[in-house]
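K.L.:
The sequence and its predicted three-dimensional model are supplied below.
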Amino acid sequence: MVQNPNNWTRREWLQATAAGVTQAAIVAGARVRAAAPQSIGVQLYTVRDAIKANPKATLEAIARIGYKEIELGRAEISTLAPMAQSVGLTATSTHIEAPLVTGNWEAWAQFAPAAPGSERPTLAGALDVVRAHGIKYAVVSYLMPGERGTTAAAYEKFADQLNRAGETARAAGLTLAYHNHGFEFAPLADGQRPFDVLTARLDKSLVKLELDVFWVSITGTDPVGLVTRHKGAVALIHLKDKAKTAAAETDEQKVPPASFTEVGHGSLDFPAILRAAQAAGVAHYYVEQDHSPGDPVASLRQSYEYLRTLA
């Protein structure tokens, strides 16, 4: 998920055609097969506009497709988690803001302004709400450009903050995780990548990774190799495909919407990704499509149908 202040407009509805399903089946048969996860989830950022307009109908549509789990934002928990449960979906993970870990709310002021006279939430308080709704994972979703470090020492400090937050989460019966984007793979001045600095310092017994295979791939990094190298640390994974024409980029704000496509309809080798994820012990899989060319629910259906061809 990319934090973006813009609300992009939708184009015309894109129907999932029989030809599209056939193409997905051909792609699946051309590669070594891998079993799809038994339970597939959706990151609700995919349907962010629809959820605002009609949350119950949107969740019902997701459940009818066959999805079983959802990942949602912290602000949505109290409203959407019970609603999801009522239609047969389980909220298993939530994204939380980095300032709950770092204390740096200034960088998030544009996206999470403080209500007049109110206090900022604390990590402990946020985790209490997460636990109360039966959600097991709290995932630090993003570092704003203004809070990203430019040195390895800055990311080592962030890793230490994550480790301490991971202790707090474990004491609450939860698991903390960190979700990557593209900037973590842009080399620092000394040549090191933030992702490598973070993972070298993180205590994987306290902090897990939520690996987004699109953002890994678009930086020129192999998601299969990355999942394999971090076996035991990757607990959650975002399944999203990359258009065959997408150019390499580490700045997520420069990636055009057309770079995102339905799972099985782009350039990523999902049978290989799923094999690696299963061998690495990944617990939860969420389909996410940051931008859809038409109705995002139709895109979710196409992704689900492709994944089911791998079952």
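P.N.:
Sure thing, it's come through.
K.L.:
Would you point out the helix or strand in the protein whose mean pLDDT is lowest?
P.N.:
helix 18-30 (a mean of 40; mean pLDDT, DSSP states H and E).
K.L.:
Just after that helix, pick out the following helix or strand.
P.N.:
strand 40-43 (DSSP states H and E).
K.L.:
how far does the helix or strand that that following strand is followed by sit from the chain's center?
P.N.:
Downstream of strand 40-43, the first helix or strand assigned by DSSP H and E is helix 48-53. In terms of CA atoms, centre = their mean, to the nearest Å, the centre of helix 48-53 is set 18 Å apart from its chain centre.
K.L.:
Please apply the same query to stretch 50-59.
P.N.:
So, by CA atoms, centre = their mean, the centroid of stretch 50-59 is 20 Å from its chain's centroid.
K.L.:
List the residues that contact Thr175.
P.N.:
Lys136, Tyr137, Ala138, Gly166, Ala169, Lys208, Ala235 (CB atoms under 8 Å, 6 or more residues apart in numbering). All C-beta atoms are positioned from the backbone trio N, CA, C, and that covers glycine.
K.L.:
ditto for Pro296
P.N.:
By CB under 8 Å, 6+ apart, the residues touching Pro296 are Arg10, Thr46, Val47, Asp49, Ala50, Gln289.
K.L.:
coming back round to it: out of the contacts of Thr175, which one sits closest to Gly182?
P.N.:
Within the contacts of Thr175, the smallest distance to Gly182 is 19.9 Å, found for Lys208 (CB to CB).
K.L.:
Looking at strand pairing, list the partners for that closest one.
P.N.:
Assessed by DSSP bridges, Lys208 has beta-bridge partners Ala177.
K.L.:
so it makes contact with Leu236?
P.N.:
Yes: between Lys208 and Leu236 there is a contact at 7.1 Å, judged by CB atoms under 8 Å.
K.L.:
what sits in contact with each of those two?
P.N.:
Contacts common to Lys208 and Leu236, judged by CB under 8 Å, 6+ apart, are Tyr137, Ala177.
K.L.:
center of the protein - which residue?
P.N.:
His238 (4.7 Å; CA atoms, centre = their mean).
K.L.:
What about the nearest residue to that residue once chain neighbours are set aside, how many residues nearby?
P.N.:
Leaving aside its chain neighbours, His238 sits nearest to Asp212 (4.0 Å; criterion: CB to CB, 6 or more residues apart in numbering). Residues lying near Asp212 (other CB atoms under 10 Å) number 26.
K.L.:
and what of Val101?
P.N.:
23.
K.L.:
now it: how far from Glu71?
P.N.:
Applying CB to CB, to the nearest Å, the value for Val101 to Glu71 is 18 Å.
K.L.:
got it, and Ile40?
P.N.:
Counting by CB to CB, the gap from Ile40 to Glu71 is 11 Å.
K.L.:
now do Ala112
P.N.:
For Ala112 relative to Glu71 (CB to CB), the value is 18 Å.
K.L.:
what's the answer for Leu162, then?
P.N.:
Leu162 is 19 Å from Glu71, by CB to CB.
K.L.:
which one of these two has more residues nearby?
P.N.:
Comparing Leu162 with Glu71 by other CB under 10 Å, the one with more neighbours is Glu71, at 28 against 24.
K.L.:
Wasn't that one part of a strand?
P.N.:
Yes: read with DSSP: H, G, I helix; E, B strand; the rest coil, Glu71 is one of the residues of a strand.
K.L.:
For beta bridges, what are the partners of it?
P.N.:
Gln43, Ser93.
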